[in-house]
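K.L.:
here's a sequence, model it:
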Amino acid sequence: MKLVKVVLLLVMVCGALAVHAQSSAELKRQRAKLNSELDDLNREYQATVQNKRASLKQLNLLKEQITLRENKITTINSEVRLLDNQISQNTNTVHSLQGQLEQLKQQYAAMIVFAYHNQSAYNKLMFVFASKDFNQAYKRLKYLQQFGDYRQRQAESIQGTQKDLHVKINQLDRTKNEKSSLLHEEENEKETLGKQQNEQVAVVNDLSKQQGQLKQQQREALAQRRRLDRQIAATIRQEIENARREAEARARAEAARQAALAAERAKAENRPAATVAAAAKPKPVERKSDSEVLTATPEAAKLSNDFLGNRGRLPWPVANGIVTQNFGTYYMEGIQMDNQGIDIKTGSGASVRAVFDGEVRKVANISGSYLLIIEHGEYFTVYSNLQSVSVARGQKVSTRQTVGTAGTDPSTGETSIGFELHKGKAAVNPKSWLAAQ
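P.N.:
Sure, this is the predicted structure:
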């Protein structure tokens with residue numbers, strides 16, 4: 001029973017360590033990703049320091065670095081907590097194995113003493129021959145054999161427990177070293193974070209001297225975004241109305257066909273002229289919802305369902321990128337900005353890809369950059385701030401097909417695109433639809 005308890009304890013510990021390993025591996029992956037993003041941002045930030053015209057971008061990059069560094073510190077804290085749990089589990093296991101080893105050694109020592117006192121072959125034979133009958137002699141002989149086997153098993157148990165104990169002690173040492181390394185890394189990150197926060201204050205103070213110019217830049221950016229939003233809304237509205245007219249035309253044609261058939265049947269049955277005339281009058285077409293008209297055909301309905309079925313698995317519109325502005329309302333230097341999608345920073349000349357099969361519904365040049373809208377049944381994806389496009393209106397595109405290149409701001413050298421997702425006329429947060437990076 002004691003051996004069974006030890007086995008069960010080891011199984012439970014191994015299970016706990018397996019869960020820990022999965023969580024720890026995920027946290028390490030997140031930390032590595034944050035390190036890569038921080039390195040990219042730091043290189044870009046050092047480049048902006050040399051360009052006074054990029055002061056606003058310098059502030060934005062500092063904010064991004066601070067956010068990522070805070071996320072990294074949070075990730076490190078989570079890793080440390082997991083390591084603390086592992087250290088506690090390994091310590092308990094070591095103590096349990098040490099206690100079990102001591103108990104096994106005591107039992108084995110007692111057996112050795114007993115065997116020493118009964119090592120004579122004469123005593124063993126007398127023990128067997130003193131039996132009342134053959135059955136008892138057989139049982140005594142088996143007992144002596146089992147006692148010898150048990151001694152062997154006890155010796156093997158001691159060796160196995162010693163080996164497990166050595167492994168657990170080594171694991172405990174490695175875990176403590178890993179925790180020490182993480183704590184040291186966390187201290188370095190906190191120190192760097194403090195420096196960047198101070199640097200942010202200095203940049204803000206410097207920018208405050210240019211407040212009038214920056215306000216004007218932000219007003220221009222706001223006006224640009226509003227023009228873009230109006231263009232997107234108008235395009236989607238127009239596409240829905242086009243789909244509605246087509247759906248209603250099909251419905252009227254079907255109603256007229258059904259009315260003609262009904263009139264023919266009434267006439268064949270020699271019904272009164274008034275009945276025939278009433279039957280020949282088509283039924284009025286009901287006005288359908290936006291969702292119904294966008295999925296009125298089997299092809300559109302399937303495309304819409306397929307798009308919905310890939311929620312959380314859609315590829316990113318660029319192969320490599322970082323979200324610099326999330327969906328929703330935010331404030332830039334005191335001016336309220338409403339982002340109906342996400343802004344993704346990427347590399348210069350990066351290809352922009354369709355995230356799903358669909359049909360191009362809009363290609364437009366707005367203030368020097370291109371806007372592209374693709375329909376996927378009931379859904380629309382929007383790609384803005386493109387330097388160039390390689391598709392045209394009415395063209396069908398496939399998932400991951402290149403549709404253009406990302407635009408670069410000549411004054412700052414920053415390359416980014418806007419990506420939006422609309423369900424009918426309503427903008428939804430596209431981030432939850434994209435696959436995890």
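
K.L.:
what's the average pLDDT for the helix or strand where A202 lies?
P.N.:
Per DSSP states H and E: A202 is located in helix 134-208. Taken as a whole, helix 134-208 has an average pLDDT of 73.

K.L.:
try stretch 358-367
P.N.:
Stretch 358-367 shows a mean pLDDT of 90 in the predicted model.

K.L.:
could you do stretch 393-407 as well?
P.N.:
Rounded mean pLDDT across stretch 393-407 is 95.

K.L.:
what does it contact?
P.N.:
315, 318, 346-363, 369-370, 372, 374, 383, 385-391, 415-417 (CB atoms under 8 Å, 6 or more residues apart in numbering). The C-beta positions use only the backbone N, C-alpha and C, and glycine is treated the same way.

K.L.:
thinking again about what came up before, next SSE after the helix holding A202?
P.N.:
Assigned by DSSP H and E, the successor of helix 134-208 is helix 211-268.

K.L.:
can you select the buried ones from the contacts of stretch 393-407 in PyMOL?
P.N.:
Buried members of the contacts of stretch 393-407, defined by 16 or more other CB atoms under 10 Å, are picked up in PyMOL with:
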select buried, resi 318+346+350+351+352+353+354+355+356+357+358+359+360+361+362+363+369+370+372+374+383+385+386+387+389+391+415+416+417
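
K.L.:
out of the contacts of stretch 393-407, name the ones that lie in strands.
P.N.:
Among these, DSSP state E puts 351-353, 358-363, 369-370, 372, 374, 383, 385-389, 415-417 in strands.

K.L.:
pLDDT weak spots in the stretch 301-437 of the chain?
P.N.:
Residue ranges of the stretch 301-437 of the chain with pLDDT under 70: 331-336, 411-412, 437.

K.L.:
buried set for stretch 253-269?
P.N.:
Going by neighbour count (16+ other CB under 10 Å), the buried part of stretch 253-269 is A259, A262, A263, A266.

K.L.:
again with stretch 317-326
P.N.:
Across stretch 317-326, burial judged by 16+ other CB under 10 Å covers P317, V318, G321, I322, V323, T324, Q325.

K.L.:
quick one: the fourth one and I344 touch, right?
P.N.:
Yes: counting by CB atoms under 8 Å, I344 is a contact partner of I322 at 7.0 Å.

K.L.:
contacts only, for the residue lying closest to K72 once chain neighbours are set aside.
P.N.:
Of all residues not flanking K72 in the chain, L34 sits nearest, at 4.4 Å (CB to CB, 6 or more residues apart in numbering). L34 is in contact with L68, N71, K72, T75, counting by CB under 8 Å, 6+ apart.

K.L.:
so which of these comes closest to A255?
P.N.:
N71 (58.9 Å; CB to CB).

K.L.:
and V403, which of the three is it?
P.N.:
Put simply, V403 is strand when judged by DSSP: H, G, I helix; E, B strand; the rest coil.

K.L.:
distance of it relative to K431?
P.N.:
V403 sits 20 Å away from K431, going by CB to CB, to the nearest Å.

K.L.:
same check, this time on L386
P.N.:
Remark: distance between L386 and K431 (CB to CB) = 20 Å.

K.L.:
over to E378?
P.N.:
19 Å.

K.L.:
equivalent analysis for L172, please.
P.N.:
Using CB to CB, L172 is found at 41 Å from K431.

K.L.:
have a look at these two and say which one is more surrounded.
P.N.:
Just comparing L172 and K431: by other CB atoms under 10 Å the higher neighbour count belongs to L172, 17 against 14.

K.L.:
ok, and the closest non-adjacent residue to the more buried one?
P.N.:
The shortest distance from L172 to any non-neighbouring residue, by CB to CB, 6+ apart, is to N90 (4.4 Å).

K.L.:
what number of residues are in the vicinity of that neighbour?
P.N.:
Close neighbours of N90, defined as other CB under 10 Å, add up to 22.

K.L.:
residues touching the residue nearest to E420 when sequence neighbours are not counted, list them.
P.N.:
Nearest non-adjacent residue to E420, counting by CB to CB, 6+ apart: G341, 3.2 Å away. Residues in contact with G341 (CB under 8 Å, 6+ apart) are F327, V382, G418, F419, E420, L421, A427, P430.

K.L.:
burial of the first one, as a residue count?
P.N.:
F327 has 21 neighbouring residues, counting by other CB under 10 Å.

K.L.:
can you check I344 too?
P.N.:
As a measure of burial, I344 has 26 neighbours, counting by other CB under 10 Å.

K.L.:
quick one: contacts for it?
P.N.:
Residues near I344 by CB under 8 Å, 6+ apart: W316, P317, V318, G321, I322, V323, T324, S416, I417, G418, F419.

K.L.:
again, only using 7 Å
P.N.:
P317, V318, G321, I322, V323, S416, I417, F419 (CB atoms under 7 Å, 6 or more residues apart in numbering).

K.L.:
where's the closest residue to the second one other than its chain neighbours relative to S289, distance?
P.N.:
Taking CB to CB, 6+ apart as the measure, V318 lies nearest to T346, with 4.4 Å between them; neighbours along the chain are not counted. Here T346 is placed at a distance of 37 Å from S289 (CB to CB).

K.L.:
and for E189?
P.N.:
Distance from E189 to S289, by CB to CB: 51 Å.

K.L.:
for L83, same thing?
P.N.:
Distance from L83 to S289, counting by CB to CB: 54 Å.

K.L.:
quick check: pLDDT value at C14.
P.N.:
Each residue has a pLDDT score; the one for C14 is 50.

K.L.:
E44 now?
P.N.:
In this prediction, E44 carries a pLDDT score of 61.

K.L.:
equivalent analysis for L104, please.
P.N.:
L104 carries a pLDDT score of 63 in this model.

K.L.:
cool, the one 4 residues further on as well?
P.N.:
You'll see Y108 listed with a pLDDT of 60.

K.L.:
wait, H422 touches F380, no?
P.N.:
Yes: in this structure, H422 is within contact of F380 by CB atoms under 7 Å, at 4.4 Å.
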